[in-house]
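1. Build me a model:
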Amino acid sequence: MDFYTASSEKRPVRLSEVTRRFAEESLNGKYGDEAMQCFAVSMDDTENFEAMTELEKYDAMIRKIAEEAPLRYCPGEKISGAATLGGSISHCVPAFYRNTFVMSSVSHLTADFKSAVEYGMDAKEQELKNRLRRGELDSYQEATLHSMLHALDALRIWHGRYLEYIREKDPTIYRNLQQVPFGKARNFHEAVQCIWFLFAFERLCGNWPGIGRLDEILGTFLKRDLTNGTLTRDDAREILAHFFIKGCEWIRSDTAPGSGDAQHYQNIVLGGLDSQEEEVTNEVTYLTLDVVEELPIGDFPITVRWNQKTPSELKQKIAAVIRHGGGTVAVYNEDVVLSAFDRLGYDRKEALKFANDGCWEVQIPGKTYFEYMPFDGLRILLQDTLRLNTETPALFTSYETLYEAYLEKLRAFIAQLAEAGIGGRGRYDETGKWIWNRKLPCSVISLLEDGCIENARSYLESGTRYSVLSPHIGGAADVANSLYAIKKIVFEEKRISLETLLQAVKDDWKDAEALRVYLKNKLIYYGNDSADGADDIMACLLNDFAKITETFNGKTPVIFTAGVSTFGRQIEWRSVRGAAPFGTHAGEILAPNASPTPGTDLSGATAVIHSYCKADLTLQGTGAALDLRLYPGAVEGKNGITALISLLDGFCILGGFFLQIDITDANILREAQENPEAYKSLSVRVSGWNARFITLDKEWQQMIIEKTEHSF
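-> Have a look, this model is predicted:
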């Protein structure tokens, strides 16, 4: 069997035929279809369910899920455990009461799988009991800790069911499950099984956690097993492949089109420095990349921490994987990320642990409550500043007064976000003590978040060591381009009055097509490495946005810091934006993340990177994503590998933060639209996630195609 690749070179074949068939079954939706056949457990027969407290309802639902969820064993699988309830895919606890979900679930976090592997869940139980014995808890805190114990009991029930179920089917898995996840892992196979079993249970209960630094967690186990001869490199690759294949268990054979089918925030981070500032890269790093080089699995997006110590061999491997397409591997510039954490006051050793929230926003894994707050920066310009949605658009006598007016509106908007967001987390009481607000229970997640037991607060109640809120500006490139167009033709060239320009924009260029074409085609916009133009405005805008956000940080225990993203929201924003001053019509899909507006970046990938890096990206505390799409022919052969490595090295040298590259051909994407059955495994990078192209609806597909048409 051949899996799709964007490269002229076929994907390598290293895995066994049994494993490759397992991957094909999973990628074609066999197990996702099975999950949809048993959607959720019912709480209708639970006595006095309506009268229960929220914690009691949660405990009852989690226990019933553990007792009743179907078990799955796939012949030949190397690890066991499965999230078999279709309702989990809906981002809810998969339990119905009177045919309705009772509670939502949790995502945008990474769990602390490392401590579970090293100490086992029995240690968590002991920690909980010790905390209860210490006392100094109010009744709600006691109930919160008891709910975590109930979650642990539910895990034991599910684990016990699997032990009984697997006993006669697979002696190796049975032996591993006798040890983990309650005891500490003793070898590589047990460690992988431990992570998978806990990950599967969290997903079974409706949550979507990230994995974190997989090679850092598993590297020592594999090194020991390879040294003592209990495991071969090929054996280890097969085990890791099954981890990835089982992570595709929510793929369905016929997914309703939308924003894609693989956005469950289960990101993996590889490489980078450890707490001793030594490079983590090890055999697990390479074997993980082996798996996604061979199999087109985008359900675990991988991000590599790139730094001055990144081995040349790893760079070669990353480039080899990237050119198969699918956007499976992205890159953090570790130096810039660490500087961003330093600006926020994180301890260096703590910052060195960074991973992400399962998407790409950076955080300390297993210790961070995170929430991002997306907004459309272009709307603030067009409607709040220029008042194009009113009868009388606003007029300004200089570019400087226009820009200051925009910042004033932006500042007011961020103030509203801060008040609502931080106020939603907690408040100071009359004694000056900070009180965290109560939220929906999430005890399954809280078990694997450091601080929740000690503080006797759930993850959603900021029991974690860090609580982060991050306003994310979208449409930044569109704002910069609009401001530049006004600055250039109104205040510098004096080609037209601001009043006339704004009226043309307000009318969506009716009777002003020549002006629109001039603006669209004659000016050099963000993404072309131009001097004293839109690039500088973009850099100034991002820096000022971050500094405005920073003024609301440090007043409460909540970390309030900036980021740049759209995550595809430019599709939903198109209907309310109207035309823009740089020559776009109402309804056009505009800039993604911190990337140029489609069609305006005419000078190549290197120019885009130069433009993006003109901002001080250490100010963006949770990140700023740059998307690049390259044509397959540009990365062919040895020269293509060298070119990719040079591009990534340059990105980091220039001060980039996060780069996601996809290798795509717009003609192939159009073929997939016409003949989807032939392209079931064609994956594309959407934003912080990957998706099989045929699971995107027409609008999302068109957005990807339009961006791809401007590949370099």
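2. Please tell me the pLDDT value assigned to Asp2.
-> You'll see Asp2 listed with a pLDDT of 87.
3. Sort out which residues of the host helix or strand of Asp235 are buried, please.
-> Using DSSP states H and E, Asp235 sits in helix 233-246. Buried residues in helix 233-246, counted by 16 or more other C-beta atoms under 10 Å: Asp235, Ala236, Arg237, Glu238, Ile239, Leu240, Ala241, His242, Phe243, Phe244, Ile245, Lys246. No exception for glycine: its C-beta is placed from N, CA and C like everyone else's.
4. of all those, which comes closest to Thr53?
-> Lys246 (35.1 Å; C-beta to C-beta).
5. pretty sure the closest one is touching Ile195, no?
-> No: between Lys246 and Ile195 no contact is recorded; they are 11.3 Å apart, counting by C-beta atoms under 8 Å.
6. hmm, who's touching stretch 455-464?
-> With C-beta atoms under 8 Å, 6 or more residues apart in numbering as the test, stretch 455-464 has contacts from 106, 109, 131, 137, 141-142, 144-145, 147, 367-369, 425-426, 436-443, 445-446, 449-453, 557-558.
7. Ok, stretch 334-349 next?
-> Outside stretch 334-349, the residues touching it (C-beta under 8 Å, 6+ apart) are 272-273, 275, 305-308, 350-352, 354, 362, 364, 553, 559, 561, 617-621, 623, 652, 655-657.
8. okay, it in PDB with CA atoms only?
-> Provided in PDB are the C-alpha atoms of stretch 334-349 (Å, rounded to 0.1, in the frame of the first residue of the first chain):
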ATOM      1  CA  GLU A 334      13.700  28.000  21.200                       C
ATOM      2  CA  ASP A 335      15.800  31.100  21.900                       C
ATOM      3  CA  VAL A 336      13.000  33.500  21.200                       C
ATOM      4  CA  VAL A 337      10.400  31.400  23.100                       C
ATOM      5  CA  LEU A 338      12.700  31.300  26.200                       C
ATOM      6  CA  SER A 339      13.200  35.100  25.900                       C
ATOM      7  CA  ALA A 340       9.400  35.500  25.900                       C
ATOM      8  CA  PHE A 341       9.100  33.500  29.000                       C
ATOM      9  CA  ASP A 342      11.900  35.400  30.600                       C
ATOM     10  CA  ARG A 343      10.100  38.700  29.900                       C
ATOM     11  CA  LEU A 344       7.100  37.300  31.700                       C
ATOM     12  CA  GLY A 345       9.100  36.500  34.800                       C
ATOM     13  CA  TYR A 346       9.300  32.700  34.500                       C
ATOM     14  CA  ASP A 347      12.200  31.000  36.200                       C
ATOM     15  CA  ARG A 348      14.800  29.800  33.500                       C
ATOM     16  CA  LYS A 349      14.600  26.200  34.600                       C
END
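9. list the buried ones in that stretch?
-> Applying 16+ other C-beta under 10 Å to stretch 334-349 flags Glu334, Asp335, Val336, Val337, Leu338, Ser339, Ala340, Phe341, Arg343, Leu344, Tyr346 as buried.
10. Can you pull the domain assignment for this protein?
-> If you go by automatic domain parsing, the domain ranges for the chain are 17-258+274-292, 374-602.
11. Kindly state which of the ones you listed is positioned closest to Ile663.
-> Closest approach to Ile663 among the domains of the chain (C-beta to C-beta): domain 17-258+274-292, 13.6 Å.
12. Restricted to strands, list the contacts of stretch 455-464.
-> Leu109, Thr368, Tyr369, Gly426, Trp436 (DSSP state E).
13. residues touching the third one, list them.
-> Just to be clear, that refers to Tyr369. Contacts of Tyr369 (C-beta under 8 Å, 6+ apart): Leu109, Glu449, Tyr459, Leu460, Ser462, Gly463, Thr464, Tyr466, Ser467, Val468.
14. Let me have the residues you listed in a markdown table, extended by pLDDT.
-> Shown next, in a markdown table, are those (pLDDT from 0 to 100):
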| residue | pLDDT |
| --- | --- |
| Leu109 | 96 |
| Glu449 | 98 |
| Tyr459 | 98 |
| Leu460 | 98 |
| Ser462 | 97 |
| Gly463 | 98 |
| Thr464 | 98 |
| Tyr466 | 98 |
| Ser467 | 98 |
| Val468 | 98 |
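15. so of the residues you listed, which ones are in strands?
-> Per DSSP E, the subset of these in strands is Leu109, Tyr466, Ser467, Val468.
16. quick revisit: I'd like the average pLDDT over the helix holding Asp235.
-> On average, helix 233-246 scores 98.
17. tell me which element the spatially most central residue of the chain is part of?
-> Closest residue to the average C-alpha location of the chain: Cys359 at 0.8 Å, with C-alpha atoms, centre = their mean. Cys359 is part of no helix or strand when elements are defined by DSSP H and E.
18. The residue nearest to Ala143 when sequence neighbours are not counted: neighbouring residues, count only.
-> Closest residue to Ala143 apart from its sequence neighbours, by C-beta to C-beta, 6 or more residues apart in numbering: Leu55 at 5.3 Å. Burial of Leu55 is recorded as 18 neighbouring residues (other C-beta atoms under 10 Å).
19. Dump the helix or strand harbouring Leu55 to CSV, keeping only the CA atoms.
-> Leu55 belongs to helix 54-68 when assigned by DSSP H and E. Included here for helix 54-68 are C-alpha records, laid out as CSV according to Å, rounded to 0.1, in the frame of the first residue of the first chain:
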residue,chain,number,x,y,z
GLU,A,54,-22.1,19.6,39.9
LEU,A,55,-19.2,17.6,41.4
GLU,A,56,-21.5,14.7,42.2
LYS,A,57,-22.9,14.7,38.7
TYR,A,58,-19.4,14.7,37.3
ASP,A,59,-18.3,11.9,39.5
ALA,A,60,-21.3,9.8,38.6
MET,A,61,-20.8,10.4,34.8
ILE,A,62,-17.1,9.5,34.9
ARG,A,63,-17.7,6.4,36.9
LYS,A,64,-20.5,5.3,34.5
ILE,A,65,-18.2,6.0,31.5
ALA,A,66,-15.5,3.8,33.1
GLU,A,67,-18.0,1.0,33.8
GLU,A,68,-19.9,1.0,30.5
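20. could you point out which element follows it?
-> With elements assigned by DSSP H and E, the helix or strand that comes after helix 54-68 is strand 95-97.
21. Tell me which helix or strand comes right after that following strand.
-> In N-to-C order, the element after strand 95-97 by DSSP H and E is strand 100-101.
22. Tell me the gap between stretch 132-145 and the middle of its chain.
-> Mean-position distance between stretch 132-145 and its chain equals 34 Å (C-alpha atoms, centre = their mean, to the nearest Å).
23. Same question for it: list its buried residues.
-> Buried residues in stretch 132-145, counted by 16+ other C-beta under 10 Å: Leu132, Gln141, Ala143, Thr144, Leu145.
24. any idea what Pro209 is structurally, helix, strand or coil?
-> When classified by DSSP: H, G, I helix; E, B strand; the rest coil, Pro209 comes out as strand.
25. Could you do Tyr332 as well?
-> strand.
26. Who does it form a beta bridge with?
-> Tyr332 has these beta-bridge partners by DSSP bridges: Arg305, Phe658.
27. And the residue lying closest to Ile489 once chain neighbours are set aside, which helix or strand is it part of?
-> Excluding its sequence neighbours, the residue lying closest to Ile489 (C-beta to C-beta, 6+ apart) is Arg495, at 4.4 Å. Taking DSSP H and E as the definition, one finds Arg495 inside no helix or strand.
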